[in-house]
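Novice: just a sequence and a predicted model for now, questions to come.
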Amino acid sequence: MTYKILLMGPQGSGKGTQAEKLAAHLGVPAFGMGQLLRDEIASGSELGEKFDVILKRGDLVSDRDAAEMLKRRLLKPDTQNGYILDGYPRNLSQYAAFDFDTPTHVLVIDVPRDESLKRLGGRLTCRACNKVGSMDDGIKPGDRCACGGEWYQRTDDTPAAIARRLEIYENDTQPVIQKYEALVVHVDGVGSVEEVAERIKAVL
């Protein structure tokens, strides 16, 4: 079976980690729009150069341009048996722009708001490989990741910024999930990484 999975959930639900695990299990690529944007810029393509100028100006890439970038990515050979798209579309405008493919599953990882706040408050990101870790695991800002990069706390992982992002998810992303209602499968995101991964495998 071809699995074209949109992976949704509030910030701190573990989408990125579960996307990696599920991709390895199904043998399909997983990507988020942020990583695609960085890859496009690094490639030196005409579209990447355009994005670089926009971002350096402090502006956002348009939903239509982001969709065009995604469309190109989905034409690559490794997606022919499916893919996992992490956290997209985030709002109804992006939903409207994503008109060139149809998902087979919309997987929503549910965690309570207080759990999101707790997880994100201790979240660290590697500057080099963008891997996400947690202070609960004993790592601290400034420590070295396995790749050699430095762990740091993102400026948008402060309590006020986290609360704002959760509001955006509730106001902007929940309506997208409702649009995909017939394809939506909910998974309880509370528990260990392995427990949640097993729940995802079970519902698929």
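Specialist: Cool, the structure landed. Residues are numbered from 1 along each chain as shown.
Novice: okay, CA-based contacts and neighbour counts for the rest of this
Specialist: Fine.
Novice: got the phi and psi for the residue nearest the centre of the chain?
Specialist: Geometric centre of the chain, nearest residue: D86, 3.3 Å, by CA atoms, centre = their mean. With angles defined as degrees, to the nearest 10, D86 sits at phi -90, psi 110.
Novice: and it, what's its pLDDT?
Specialist: D86 carries a pLDDT value of 95.
Novice: hang on, isn't it packed against F31?
Specialist: Yes. Between D86 and F31 there is a contact at 5.9 Å, judged by CA atoms under 8 Å.
Novice: list residues touching both of those two?
Specialist: A19 (CA atoms under 8 Å, 6 or more residues apart in numbering).
Novice: any idea what the residue nearest to the centre of the chain is bridged to?
Specialist: In this entry, D86 is beta-bridged to L7, G32, by DSSP bridges.
Novice: tell me which residues of stretch 9-21 come out buried.
Specialist: 9-16, 18-21 (16 or more other CA atoms under 10 Å).
Novice: contacts for it next, please.
Specialist: Against stretch 9-21 from outside (CA under 8 Å, 6+ apart): 7-8, 30-31, 84-87, 108-111, 115-117, 119-120, 132, 162, 165-166, 169, 189, 193, 196-197.
Novice: cool, stretch 47-64 as well?
Specialist: 37, 40-42, 69, 93-94, 97.
Novice: repeat the analysis, applying 6 Å as the threshold.
Specialist: 40-41, 94, 97 (CA atoms under 6 Å, 6 or more residues apart in numbering).
Novice: can you give me the end-to-end span of it?
Specialist: 12 Å (CA to CA, to the nearest Å).
Novice: before we move on, what about stretch 70-83?
Specialist: 12 Å.
Novice: try stretch 76-91
Specialist: Note: stretch 76-91 ends 25 Å apart using CA to CA.
Novice: and that stretch, how far out from the chain's middle?
Specialist: For stretch 76-91, the separation from the chain centroid amounts to 10 Å (computed by CA atoms, centre = their mean, to the nearest Å).
Novice: for it, buried residues please.
Specialist: For stretch 76-91, by 16+ other CA under 10 Å, it's 79, 82-91.
Novice: now do stretch 90-104: everything it contacts.
Specialist: Contacts of stretch 90-104 (CA under 6 Å, 6+ apart): 4-5, 63-64, 89, 172-173, 176.
Novice: can you rerun that using 7 Å?
Specialist: Residues from elsewhere that reach stretch 90-104 (CA atoms under 7 Å, 6 or more residues apart in numbering): 3-6, 63-64, 67, 89, 172-173, 176, 183.
Novice: any idea which of these has the most stuff around it?
Specialist: With neighbours defined as other CA atoms under 10 Å, the most crowded of those is L6; it has 25 neighbours.
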